[in-house]
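K.L.:
Show me how the following folds:
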Amino acid sequence: MPWSFYPNDYTRAVCAKRATGISLLDLTESNPTVVGFSYPHEAIAAIYGSIEDLTYAPEPLGPARARNAVCDYYAARGVSITPDRIALTASTSEAYSVLFKLFCDPGDEILVPVPSYPLFEYLAALESIRVLNYHLRYDGSWHIDFEHLEQAITDRTRAIITVNPNNPTGSFVKLREGEQLVRIATDHGLPLISDEVFMDYTLMDRQPRRSLADFDSTLIFSLNGLSKLAAMPQMKLGWIAMNGPRAELEQVRARLELILDTYLSVGTPVQQAAADLLRIGETLQAEIKVRTRMNLDAAHRELASSAAHVLRAEGGWSAIIQLPRVFSEQEWVARLLEQAAVVVQPGYFFDMGTEAYIVVSLISDPVVFAEGIARIGQVLQKEC
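P.N.:
This is a model prediction of the structure:
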């Protein structure tokens, strides 16, 4: 593990600022259980309290009842999938590690989009494999650079990952992009792993989006779970939806079942409660959608006459704000912390290709968010 185990300079600066007793406006909080939603603690507790049978019956792919609930989720969104193509995991991160075990030997490579959430490098390294990047480009809207993607494929490439919608860009894989992505994967004999944890969180009234679970010309693994979908990261239940040519799918399913049977990491109570938790999650999801749109509107409104630019976001829980390059990202986040007591994330955390960008969480408390964005505007007015 060739990583630094010490806090970076910015983390130390934030901790030092907090230690002075100054109240900070944290625009990075992405934990839905602590940002003021009407969290249904009693309803969740009642579901667990009503479980009558906690007999341990280990089933590597998960019990039929829970997998049927996942199929119902897809059916409600126009995607037909059968329970035998669902595999339950304890989280999306675990789903990645399982699929890396399935497809990769040490030294193999996976392709990952950038910008993106800084998770893949760690997950890949823990499986002794390498991450290679392909670019998302921005020209007023985000899109996949397919030329760069194809150039990145080598004889050690074992899978292509897409994040739909991406975090933090908020860009969905459009219908034509999905078709081209599947075509490239098919031509090169590569499986596609589609991270769809933010799929239900649209920020626009009319947004073309499509789960890659709808395609079957190559092996496709669509990942989702309760963490974002139902705003229940503490429940620890994710899943893999498998699709592809029948013969390959049967082979893969048998091997995946063996890997999952080795760990059996998903708890019995959450599997028993899955259908009810998904139902409760719909209410939380609706509340989050209202807030993310409200906060995105506030960002546009508060920064409309400033030197900053809010990049187009189509879905998810994040927004990217472009700042003038009069300072580096590191200098900008330090100035916002010192002058405005506002905590944001620098773009380099997400491998933004150029500077200067900051990333903010759209699920932040609306009062905190609006005040924080207003303070960013004030700093911009002073510095620019």
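K.L.:
C-terminal to the top helix by length along the chain, what's the next element?
P.N.:
Criterion DSSP state H: the longest helix present in the chain is helix 268-302. Scanning forward in sequence from helix 268-302 by DSSP states H and E, the next helix or strand is strand 309-310.
K.L.:
Looking at the following helix or strand past that next one now, give me its mean pLDDT.
P.N.:
Per DSSP H and E, the first helix or strand lying C-terminal to strand 309-310 is strand 318-322. Strand 318-322 carries an average pLDDT of 98.
K.L.:
With stretch 254-264 instead?
P.N.:
97.
K.L.:
Same check on stretch 345-360?
P.N.:
Here the average pLDDT along stretch 345-360 is 95.
K.L.:
ok, and for it, which residues are buried?
P.N.:
345-352, 355-360 (16 or more other C-beta atoms under 10 Å). C-betas here are computed from N, CA, C, even on glycine.
K.L.:
For Ala64, state which of those is nearest.
P.N.:
Lowest distance from Ala64 to those (C-beta to C-beta) belongs to Phe350, with 38.8 Å.
K.L.:
which residue sits closest to that closest one in space, ignoring its chain neighbours?
P.N.:
Computed as C-beta to C-beta, 6 or more residues apart in numbering, the closest residue to Phe350 that is not its neighbour in sequence is Pro115, at 4.4 Å.
K.L.:
Run through the residues that contact that neighbour.
P.N.:
136, 166, 168-169, 320, 347, 350-353 (C-beta atoms under 8 Å, 6 or more residues apart in numbering).
K.L.:
Can you show me the strands along the protein?
P.N.:
Listed in chain order, the strands of the chain (DSSP state E) span 25-26, 86-89, 109-114, 130-138, 142-144, 157-163, 192-195, 220-225, 238-243, 309-310, 318-322, 342-343, 345-346, 357-361.
K.L.:
Show me what counts as buried in the second one.
P.N.:
Looking back up the chat, that one is strand 86-89. Across strand 86-89, burial judged by 16+ other C-beta under 10 Å covers 86-89.
K.L.:
would you turn those into TSV with pLDDT and distance to Pro63?
P.N.:
Output for the buried residues of strand 86-89, formatted as TSV (pLDDT from 0 to 100; distance: C-beta to C-beta, whole Å):
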residue	pLDDT	distance to Pro63
Ile86	98	11
Ala87	98	12
Leu88	98	8
Thr89	98	14
